[in-house]
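Student: Dropping a prediction and its sequence here:
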Amino acid sequence: MASRNPKDCCQALQEIIPKVIADAKAIGIIIVIYCTWRSLKEQMDAVKAGLSKRKFGAHNYVDDNNKPASEAFDFYIDKFGKPLWSTASDTNQDGHPDYIQVGEIGKKYGLEYGGDWETFKDFDHLQIKGA
Ligand SMILES: [Zn+2]
(Lines give C-alpha, C1' and ligand atoms only; values in the text may rest on other atoms or scores of the structure.)
Protein backbone atom coordinates (compact mmCIF):
# COMPACT_ATOMS: atom_id res chain seq x y z
CA MET A 1 0.00 0.00 0.00
CA ALA A 2 1.21 3.49 -0.78
CA SER A 3 2.72 5.45 2.08
CA ARG A 4 1.05 8.36 3.79
CA ASN A 5 4.04 9.05 5.99
CA PRO A 6 5.66 12.48 5.36
CA LYS A 7 8.99 10.83 6.28
CA ASP A 8 8.77 9.02 2.93
CA CYS A 9 9.12 12.40 1.21
CA CYS A 10 12.29 14.22 0.23
CA GLN A 11 13.82 16.52 2.85
CA ALA A 12 12.36 19.70 1.36
CA LEU A 13 8.81 18.33 1.51
CA GLN A 14 9.29 16.99 5.02
CA GLU A 15 9.90 20.60 6.04
CA ILE A 16 7.10 22.13 3.97
CA ILE A 17 4.27 19.67 4.76
CA PRO A 18 3.79 20.75 8.42
CA LYS A 19 3.72 24.39 7.27
CA VAL A 20 1.02 23.68 4.68
CA ILE A 21 -1.05 21.81 7.28
CA ALA A 22 -0.64 24.64 9.81
CA ASP A 23 -1.40 27.43 7.32
CA ALA A 24 -4.52 25.62 6.11
CA LYS A 25 -5.67 25.13 9.70
CA ALA A 26 -5.10 28.83 10.37
CA ILE A 27 -7.77 29.68 7.76
CA GLY A 28 -10.12 26.96 8.99
CA ILE A 29 -9.26 24.14 6.59
CA ILE A 30 -8.27 20.73 7.94
CA ILE A 31 -6.25 18.64 5.53
CA VAL A 32 -5.10 15.04 5.79
CA ILE A 33 -2.06 13.77 3.89
CA TYR A 34 -3.26 10.48 2.39
CA CYS A 35 -0.45 9.64 -0.02
CA THR A 36 3.24 10.46 -0.09
CA TRP A 37 5.36 7.73 -1.67
CA ARG A 38 4.20 5.10 -4.17
CA SER A 39 6.11 2.13 -5.54
CA LEU A 40 6.35 1.74 -9.31
CA LYS A 41 3.77 -1.04 -9.15
CA GLU A 42 1.40 1.22 -7.23
CA GLN A 43 2.08 3.94 -9.80
CA MET A 44 1.03 1.56 -12.59
CA ASP A 45 -2.13 0.75 -10.65
CA ALA A 46 -2.83 4.49 -10.35
CA VAL A 47 -2.36 4.90 -14.12
CA LYS A 48 -4.74 2.00 -14.78
CA ALA A 49 -7.30 3.52 -12.41
CA GLY A 50 -7.08 6.83 -14.28
CA LEU A 51 -5.63 8.65 -11.26
CA SER A 52 -2.34 9.45 -12.97
CA LYS A 53 -1.02 9.70 -16.51
CA ARG A 54 2.65 9.10 -15.72
CA LYS A 55 4.41 5.76 -15.35
CA PHE A 56 7.07 7.47 -13.28
CA GLY A 57 5.86 10.44 -11.33
CA ALA A 58 6.84 12.72 -8.49
CA HIS A 59 5.52 10.18 -5.96
CA ASN A 60 8.02 7.52 -7.08
CA TYR A 61 11.38 9.06 -6.25
CA VAL A 62 13.89 7.27 -4.05
CA ASP A 63 17.13 8.59 -2.59
CA ASP A 64 20.65 7.29 -3.26
CA ASN A 65 20.07 4.50 -0.71
CA ASN A 66 16.88 3.45 -2.50
CA LYS A 67 14.75 4.77 0.38
CA PRO A 68 11.42 6.45 -0.49
CA ALA A 69 11.93 10.18 -1.15
CA SER A 70 8.68 11.27 -2.75
CA GLU A 71 8.67 14.70 -4.33
CA ALA A 72 4.90 14.95 -4.05
CA PHE A 73 2.05 14.45 -1.62
CA ASP A 74 -1.72 14.14 -1.93
CA PHE A 75 -4.15 15.58 0.58
CA TYR A 76 -7.87 15.64 1.16
CA ILE A 77 -10.08 18.16 2.86
CA ASP A 78 -11.34 16.74 6.13
CA LYS A 79 -14.71 17.47 7.65
CA PHE A 80 -15.38 15.86 11.03
CA GLY A 81 -13.00 13.02 10.23
CA LYS A 82 -14.40 12.32 6.75
CA PRO A 83 -12.77 13.15 3.41
CA LEU A 84 -14.50 15.67 1.16
CA TRP A 85 -13.47 14.99 -2.43
CA SER A 86 -15.58 17.63 -4.16
CA THR A 87 -13.37 20.39 -5.51
CA ALA A 88 -16.19 22.78 -4.63
CA SER A 89 -15.83 21.96 -0.90
CA ASP A 90 -15.80 25.11 1.19
CA THR A 91 -15.54 23.96 4.80
CA ASN A 92 -14.32 27.33 6.05
CA GLN A 93 -17.25 28.99 4.27
CA ASP A 94 -15.28 31.91 2.90
CA GLY A 95 -16.62 31.57 -0.64
CA HIS A 96 -13.41 30.02 -2.00
CA PRO A 97 -12.93 26.32 -2.80
CA ASP A 98 -10.75 24.73 -0.10
CA TYR A 99 -8.65 22.66 -2.51
CA ILE A 100 -7.66 25.76 -4.46
CA GLN A 101 -6.84 27.57 -1.23
CA VAL A 102 -4.56 24.75 -0.08
CA GLY A 103 -2.96 24.75 -3.54
CA GLU A 104 -2.24 28.46 -3.11
CA ILE A 105 -0.63 27.78 0.28
CA GLY A 106 1.63 25.15 -1.30
CA LYS A 107 2.60 27.57 -4.06
CA LYS A 108 3.56 30.12 -1.42
CA TYR A 109 6.22 27.60 -0.35
CA GLY A 110 7.43 27.20 -3.94
CA LEU A 111 5.51 24.02 -4.74
CA GLU A 112 3.72 23.16 -7.97
CA TYR A 113 -0.03 22.56 -7.66
CA GLY A 114 -1.73 19.80 -9.65
CA GLY A 115 -4.89 21.90 -9.83
CA ASP A 116 -3.03 24.28 -12.16
CA TRP A 117 -2.19 21.61 -14.71
CA GLU A 118 -3.85 22.11 -18.08
CA THR A 119 -4.14 18.55 -19.33
CA PHE A 120 -4.77 16.59 -16.15
CA LYS A 121 -6.08 18.53 -13.19
CA ASP A 122 -4.99 16.95 -9.92
CA PHE A 123 -6.62 19.06 -7.22
CA ASP A 124 -5.31 17.09 -4.26
CA HIS A 125 -1.67 17.04 -5.40
CA LEU A 126 1.28 19.26 -4.47
CA GLN A 127 4.86 18.60 -5.56
CA ILE A 128 8.34 19.96 -5.97
CA LYS A 129 8.37 22.18 -9.07
CA GLY A 130 9.08 20.21 -12.23
CA ALA A 131 9.44 16.86 -10.43
ZN1 LIG B 1 -0.30 13.03 -6.26
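Tutor: That came through fine.
Student: who's in contact with the closest residue to the ion within the chain?
Tutor: The ion sits closest to H125 of the chain, with a gap of 3.5 Å, by CB to the ion. Heads up, the C-betas are built off the backbone N, CA and C, glycines and all. By CB atoms under 8 Å, 6 or more residues apart in numbering, the contact set of H125 is A72, F73, D74, Y113, G114, G115.
Student: Tell me which helix or strand comes right after the longest strand belonging to the chain.
Tutor: Longest strand in the chain by number of residues (criterion: DSSP state E): strand 72-79. From strand 72-79 onward toward the C-terminus, using DSSP states H and E, the following helix or strand is strand 82-84.
Student: Who are the packing partners of that following strand?
Tutor: In terms of contacts (3 or more CB pairs under 8 Å, 6 or more residues apart in numbering; DSSP states H and E), strand 82-84 is packed against strand 72-79.
Student: How about the residue of the chain closest to the ion: which residues does it bridge to?
Tutor: D74 (DSSP bridges).
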